[in-house]
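A.B. asks: Fold the following, please.
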Amino acid sequence: MATRRLFGAQRQERLLAELRGQGAVRVRDLAREFGVSELTIRRDIAALAERGLVAKVHGGATLPPHSNALNPPRRAPGRFIIGMVVPSLDFYWPPVVAGARAAAAALGVSIQLRGSSYHPDEDRRQISRLVEAQQVQGLLLAPNLDGDDADEILEWIGRLPVPTILVERQPRRWTPAVRQIEWVRSDHRLGLDIAVYHLRQQRHRRIGLVLTQGSPTSTHLRQAWQHAAADPATPDTLVLQETITAPGQRDVIVRLLRECRLSKITALIVHSDPHAIAVAQFCAELGIAIPGELAIVSYDDEIAHLADPAITAVRPPKGHVGRLAVELMVSRLLDGERRPPHRVLLAPELVVRASSVRW
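C.D. replies: The predicted structure is shown next:
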């Protein structure tokens, strides 16, 4: 019995650690990751909820409303409706949306969700639909800001009749808009630094970066890579940058792996998980041992744990981003212009697995 209680306590500590990193967790995902039944996870969540450490929601759990100790959010006196437009409803964004919905439920507001794409015209169409319906009091938006028309899009957003918070987006520069746009996003530069530090701790001295073409996250990672590569404290460490359009690009990945051998690169940071898994699969075909000959760290941690070997990954705090975006919007709606604009970066975490560590 003592052993069982100890195991249960350890599992609940891991559950809390996942929750602090993500802001929201799903029973199904935890059961698979911990190797236990969904019923066991539900019982753990119920036990933690009784202690006030988590809040139960359908299919999972979130941090309790009072978890933001520095600035506890106030419950909205009325039923605010917040519009949310995200570029995808599958990869990357579901945890962000889950965190936003959890915060909305805790604060007594509702979310009207719209799925867009990574195209500015579709962004405008979905945003306009929400605004023209005159039902939303605020907007959480994730527009495409990588094009030449980014300033024009931000100027248009700044003229909208309701307050706006960007989610996982950040303007390139300050603009003299009538209403300053607020934002909250993952600190991808810090995430890259964490991955590089981990690989250096594993005695890797020549590291490469592989990016997904057209991804906003890749833009941040590329800028962080260039900044780190220019640091005199890291001579000859960051030596390769490659872009992949699709995980199935055999010729590109094989050429990449051959270039790694020629350049004596012993570790890769790969965005995103499907690309990292594709690289690992081609390594197996070519007889390249992971992590013995090539260590891999993925960036996203959506499906990295499904690879063989399981891939170490940087995990952006997606659930926390969605949760904090809603809390900031409710604060803005309650306080109006009295509150100064907030621009918030949230730290990612590293989940260490077999692909980067010689156990």
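
A.B. asks: ranges for the helices of the stretch 51-200 of the chain?
C.D. replies: Listed in chain order, the helices of the stretch 51-200 of the chain (DSSP state H, counting those that start in this stretch) span residues 93-107, 120-132, 150-158, 188-201.

A.B. asks: what's the closest of those helices to S331?
C.D. replies: Closest to S331 of those is helix 93-107 (C-beta to C-beta; 9.7 Å). Glycine gets a C-beta too; all of them are placed from N, C-alpha and C.

A.B. asks: What average pLDDT does the closest one get?
C.D. replies: Averaging pLDDT along helix 93-107 yields 91.

A.B. asks: 34 is where my numbering starts, stick with that
C.D. replies: Sure, I'll start numbering at 34, so the last one becomes helix 126-140.

A.B. asks: tell me what that helix is packed against?
C.D. replies: Counting contacts by 3 or more C-beta pairs under 8 Å, 6 or more residues apart in numbering; DSSP states H and E, helix 126-140 is packed against strand 57-59, strand 88-90, strand 93-95, strand 114-119, strand 143-148, helix 351-368.

A.B. asks: Centre of the chain to that helix, how far?
C.D. replies: Here helix 126-140 is found 14 Å from its chain centre; the criterion is C-alpha atoms, centre = their mean, to the nearest Å.

A.B. asks: Same check on stretch 164-175?
C.D. replies: A distance of 23 Å separates the centroid of the chain from that of stretch 164-175, by C-alpha atoms, centre = their mean.

A.B. asks: Would you mind giving the helices and strands packed on helix 126-140 as TSV with mean pLDDT and mean neighbour count added?
C.D. replies: Converted to TSV, these look like this (pLDDT from 0 to 100; neighbours: other C-beta atoms under 10 Å):
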stretch	mean pLDDT	mean neighbour count
strand 57-59	81	25
strand 88-90	79	18
strand 93-95	82	25
strand 114-119	96	24
strand 143-148	92	16
helix 351-368	94	24
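
A.B. asks: What spatial separation is found between E165 and L187?
C.D. replies: For E165, the distance to L187 (C-beta to C-beta, to the nearest Å) stands at 20 Å.

A.B. asks: likewise H221?
C.D. replies: Using C-beta to C-beta, we find H221 at a distance of 20 Å from L187.

A.B. asks: Can you pick out the residue with more neighbours from those two?
C.D. replies: Between H221 and L187, counted using other C-beta atoms under 10 Å, H221 has the larger neighbour count: 24 against 21.

A.B. asks: residue nearest the centroid of the chain?
C.D. replies: Residue closest to the average C-alpha location in the chain (C-alpha atoms, centre = their mean): P349, at 3.3 Å.
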